[in-house]
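Q: below is the sequence, then the predicted model.
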Amino acid sequence: MKNETVQTDITVIGGGLSGVNAAIAAARLGQKVALIQNRPMLGGNSSSEVRVWVCGATSHGVNRYARETGIMGEMFVENQYRNPDGNPYLWDMVVLESVLAEPNIQLFLNTDVHEVEAYGDEDDRRIASVTGWMMGSERRIRFESELFLDCTGDGLVGFLAGAQHRIGREAKDEYNEDWAPEVADNITLGSTLLFYTKDVGHPVRYVPPSFAKDIAATTIPLKRVIRSGDNGCSYWWIEWGGELDTVHENERIRDELWSVVYGIWDYIKNSGKFEAETMTLEWVGSIPGKREYRRFIGDYVLNQNDILAQREFEDRVAFGGWSIDLHPPGGMYATESGSKHLHPDGIYHIPFRSLYSVNVSNLMFAGRNISASHVAFGTTRVMATCAVIGEAAGTGAALAVQHGVTPRAVYERHLTQLQQTLLRQDASVIGLRSSDDEDLARRAKLTASSTLRRLAVEDAAEPVALQGGDVALLVPVAPELQRIELLLDAAAATTLEVEVWSTGRAENYIPHRLEVSGLAALTPGKRQWVSIPLAWKPPTAQHGFIIVKANEHVTLYVSHQPQTGVLSFVKNTSTTVSADFSNQDPEQPVVLWSMKKLVRKPFCFRMYPDTTAFEAEHVTDGFVRTYGEPHMWLSEARDPAVSEPASLELQWQETVQISEIHLTFNDDVNEDLINLHHHYTPFPVIPELVRDYRLEAYVEGQWVKVHEETANHKRKQIHRLPTAVSTDQLRLVIEATNGSLHAEVIEIRVYG
């Protein structure tokens, strides 16, 4: 046996997406990081060993403009580029390569940490080291660091260190949570095994193993959706163990899940109820995907009321948007629905105080074991949310090491630096504006070659009848709205009613308050442009939710050419709620108004007067995603074959030294990307992303190229110049996009 000691600034235990994001964030800030994973690959439940979708704030397209940015966003976009068909092994490579790209990370796969050296009393403890066994290599490795992050999911490291924690459900009166039980108990969400099938084109016989369960003799077929040909994650409801100890009885839970998986396939293949003659089992999981175990106690415990109120914590460092999604204790055998869902009106915020231990001074955590009640955990547990929490925790850990303080002291004394560092990394702290004094771009005057000011969509491609119910448009209203024109057919003389609603919070995209309504008298006719007066001047630029009321005589048109800043919706009925979660309350606003059928298909309209929503000044206004308005620059529509390149110019009153330039392009965070097989997105690169561009500085009376990029497919690019440039003018010249008619830029930062 070989004994080793590894000394780093930070040790991250757990190589799921929370641990991966934490390690990368800390490493990029200059800290030496040991990342330890007890499996042969990274990714945790998202890896090819378990194969769960990476879900997050988009909530499968329920929330608008909600996809994660930062490190998790980088992986989503890279996976889309390399792996549009959702191959789980290619996803493994995307995650692994993200880690291997960081020279400050030492990666230890197949290393199981089960020893912790900690000291102090129960109220004030500190970890000195953790020790792991590297399977297959007979190496016993001791890891010593200033800070430790428990990203294990189950929370073993924190538990061995004596960190305060909870298992199970709190009583309703502890946090005044409506969805909590009256009496506290040890019930958790259960574990799941998935399976995947394949149509091989010829008849395949299936003989079930002796341990396969006859599911026809259980409650499963009565309450669960079973179909041949479903992708594996659609069987998320094959869940069990919530009434057991999901860690200590993991083997028993796996055996039960196996018996059901092979029994379900027997039911599909041999019951005669399904078309499955040419289908075979392609893959069956062997590691139960755990949902819940220990949850640590931090300086703040996130709860249901925080989620629903979308509480804006002063120390917010991450966000989520998945519903509060709780499952019955009986799992797949329960007679009630497999899940119940409660949505806030939009995304919610996660505080830094929920990411460090209340009693172990150098312990942080990220993932499903953060400081949250069982009910709040019902939403924070999904992996893309765990990932952005990981980036926030890793960033906080790096600052703690940098300043030689505890994570609590980062909250108390360095909170602004923490939040501003996250924004500089393109991690989303919703509603927070950059105030980076080192960013030279904030002092520059901006001019653009052109700017989109006439907001209109006129290329009709598909009719949408209003007899099916209300529809809506979300548009930026900046500075005001006077009227809107709609392209429509009228089968008979009628009156069309249109309403404009404000959305309430800047991060919400639902009708909140009626601001103005208008009527238009229609005469019969095809493809008419009809004007509706709608005079509204909001106190600040914001979104307007324009509702076109149902009318059996009227048909609108949608375009297949998307327009940045504009979304379309249909009003759901109880029969059209998402099939993914059939028991969602259709009266929850984000469910009631759905964009899923009209993604990238805006209604044809013309808006008056011209808009100021896409002016060049937005690229330095401090926001890196849509919040109240788009916060980006768009050029006028251009034909790259005949048009001059679009450009943005920054001009300073004095000469500045430039050595680093950050560019953030529009990757349409409204587009719901997924790592595996939930749905197919037809383009490998987000069309709105800038493809070919160059950076030029004005030096000694002429423009000098300082960097050129072709075939870009990333949202954020950081260009470090080999030699600092002295100039008073910098220009971004955009030659081509990946499909958009406009050049679209969210942010430019410039550093000396």
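A: Done, it's in.
Q: my guess is Ala163 contacts Ser357, does it?
A: Yes - shown here, Ala163 and Ser357 form a contact pair, counting by CB atoms under 8 Å, at 4.7 Å. From N, CA and C alone the C-beta is placed, and that goes for glycine too.
Q: overlap of the contact sets of the two?
A: Counting by CB atoms under 8 Å, 6 or more residues apart in numbering, the common neighbours of Ala163 and Ser357 are 296-297, 363.
Q: from these, pick the one nearest Gly30.
A: For the shared contacts of Ala163 and Ser357, the residue nearest Gly30 by CB to CB is Leu363; the value is 21.5 Å.
Q: give the contact list for the closest residue in space to the closest one that isn't next to it in sequence.
A: For Leu363, ignoring the flanking residues on the chain, the nearest one in space by CB to CB, 6 or more residues apart in numbering is Ser357 at 4.2 Å. Going by CB under 8 Å, 6+ apart, Ser357 touches 158, 163-164, 296-298, 363-365.
Q: mind doing that once more with 7 Å?
A: For Ser357, the contact set (CB atoms under 7 Å, 6 or more residues apart in numbering) comprises 158, 163, 296, 298, 363.
Q: before we move on, what about Tyr293?
A: Taking CB under 7 Å, 6+ apart as the criterion, Tyr293 is in contact with 154-155, 167, 188, 246-247.
Q: do that again at 6 Å, thanks
A: For Tyr293, the contacting residues are 154, 246-247, by CB atoms under 6 Å, 6 or more residues apart in numbering.
Q: dig out what the nearest residue in space to Glu617 that is not next to it in sequence forms beta bridges with.
A: Nearest non-adjacent residue to Glu617, counting by CB to CB, 6+ apart: Leu446, 5.6 Å away. When bridges are called by DSSP bridges, Leu446 pairs up with Leu650.
Q: looking at it, Leu446 is touching Ala616, isn't it?
A: Yes - with contact defined as CB atoms under 6 Å, Leu446 counts as touching Ala616 (4.2 Å).
Q: which one of those two is surrounded by more residues?
A: Ala616 (22 against 17; other CB atoms under 10 Å).
Q: per-residue confidence at the more buried one?
A: We have a pLDDT of 98 for Ala616.
Q: quick check: it vs Ala456, distance?
A: Ala616 sits at a distance of 20 Å from Ala456 (criterion: CB to CB, to the nearest Å).
Q: just Leu17 next, same as before
A: Leu17 sits 41 Å away from Ala456, going by CB to CB.
Q: and these two? Which one has more around it.
A: Leu17 (33 against 17).
Q: report pLDDT for the closest residue to the more buried one other than its chain neighbours.
A: In this structure, Leu17 finds its nearest non-sequential neighbour in Ala387, 4.1 Å apart by CB to CB, 6+ apart. For Ala387, the model assigns a pLDDT of 98.
Q: where's Ala387, which helix or strand?
A: For Ala387, the element it lies in under DSSP states H and E is helix 383-403.
Q: cool, and Val500?
A: strand 494-502.
Q: also Trp91?
A: Assessed by DSSP H and E, Trp91 sits inside helix 88-100.
Q: how about Val260?
A: Short version, using DSSP H and E: Val260 is in helix 250-270.
Q: what's the answer for Ile287, then?
A: Using DSSP H and E, no helix or strand contains Ile287.
Q: residues in contact with it?
A: Contacts of Ile287 (CB under 6 Å, 6+ apart): 49-50.
Q: and the gap between it and Gly338?
A: 21 Å.
Q: just Glu688 next, same as before
A: Following CB to CB, the distance that separates Glu688 from Gly338 is 36 Å.
Q: the more surrounded of the two?
A: More neighbours surround Glu688 than the other of Glu688 and Gly338, with 23 against 20 (other CB under 10 Å).
Q: from what I can see that one touches Asn666, true?
A: Yes - using CB under 6 Å, Glu688 is in contact with Asn666, at 4.5 Å.
Q: overlap of the contact sets of these two?
A: With contacts taken as CB under 6 Å, 6+ apart, the residues that reach both Glu688 and Asn666 are Glu744.
Q: gap between Arg433 and Thr612?
A: 18 Å.
Q: how far out from the middle of the chain is stretch 549-568?
A: Stretch 549-568 sits 26 Å away from the centroid of its parent chain (CA atoms, centre = their mean, to the nearest Å).
Q: my error: substitute stretch 310-318 in the last question.
A: Stretch 310-318 has its C-alpha centroid displaced from the chain centroid by 16 Å (CA atoms, centre = their mean).
Q: which outside residues touch that stretch?
A: Contacts for stretch 310-318 (CB under 6 Å, 6+ apart): 344, 348-353, 388-389, 392, 411, 415, 429.
Q: 8 Å instead, please
A: Contact partners of stretch 310-318, identified using CB under 8 Å, 6+ apart, comprise 300, 305-306, 344-353, 355, 385, 388-389, 391-392, 395-396, 411, 415, 418-419, 422, 427-432, 505, 507-508.
Q: and stretch 111-118, by the same measure?
A: When contacts are defined by CB under 8 Å, 6+ apart, stretch 111-118 is touched by residues 13, 36-38, 125-135, 139, 141, 143, 152, 156-157, 160-162, 360.
Q: again, only this time at 7 Å
A: Contacts for stretch 111-118 (CB under 7 Å, 6+ apart): 13, 36-38, 125-135, 141, 156-157, 160-162, 360.
Q: make a PyMOL selection of the buried ones in those.
A: Only the buried members of the contacts of stretch 111-118 enter the following PyMOL selection, criterion being 16 or more other CB atoms under 10 Å:
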select buried, resi 13+36+37+38+125+127+129+130+131+132+133+134+141+156+157+160+161+162+360
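Q: in helices only, show me the contacts of stretch 111-118.
A: In this view, those that belong to helices under DSSP state H are 156-157, 160-161.
Q: looking at those residues, which one is closest to Trp236?
A: Proximity to Trp236 was ranked across the ones in helices among the contacts of stretch 111-118 by CB to CB; first place goes to Leu156, at 24.8 Å.
Q: what's the spacing between that closest one and Thr406?
A: Using CB to CB, one obtains 22 Å as the distance from Leu156 to Thr406.
Q: also His327?
A: For His327, the distance to Thr406 (CB to CB) stands at 36 Å.
Q: neighbour count winner among those two?
A: For the pair His327 and Thr406, the greater number of neighbours falls to His327 (24 against 20), based on other CB under 10 Å.
Q: is it true that that one touches Gly338?
A: Yes - here His327 reaches Gly338: they are 6.2 Å apart, a contact under CB atoms under 7 Å.
Q: for Gly518, phi and psi?
A: In terms of degrees, to the nearest 10, the main-chain angles of Gly518 are phi -150, psi 160.
Q: show me what contacts it?
A: Gly518 touches 498, 532-534, counting by CB under 7 Å, 6+ apart.
Q: same question for Ala736.
A: 640, 691-692.
Q: and which of those is nearest Ala184?
A: Arg691 (55.3 Å).
Q: secondary structure class for that closest one?
A: Secondary structure assignment for Arg691 (DSSP: H, G, I helix; E, B strand; the rest coil): strand.
Q: am I right that it is in contact with Asn738?
A: Yes - using CB under 7 Å, Arg691 makes contact with Asn738 at a distance of 4.8 Å.
Q: return the set of buried residues in stretch 668-679.
A: Neighbour-count burial for stretch 668-679 flags 668-678 (criterion: 16+ other CB under 10 Å).
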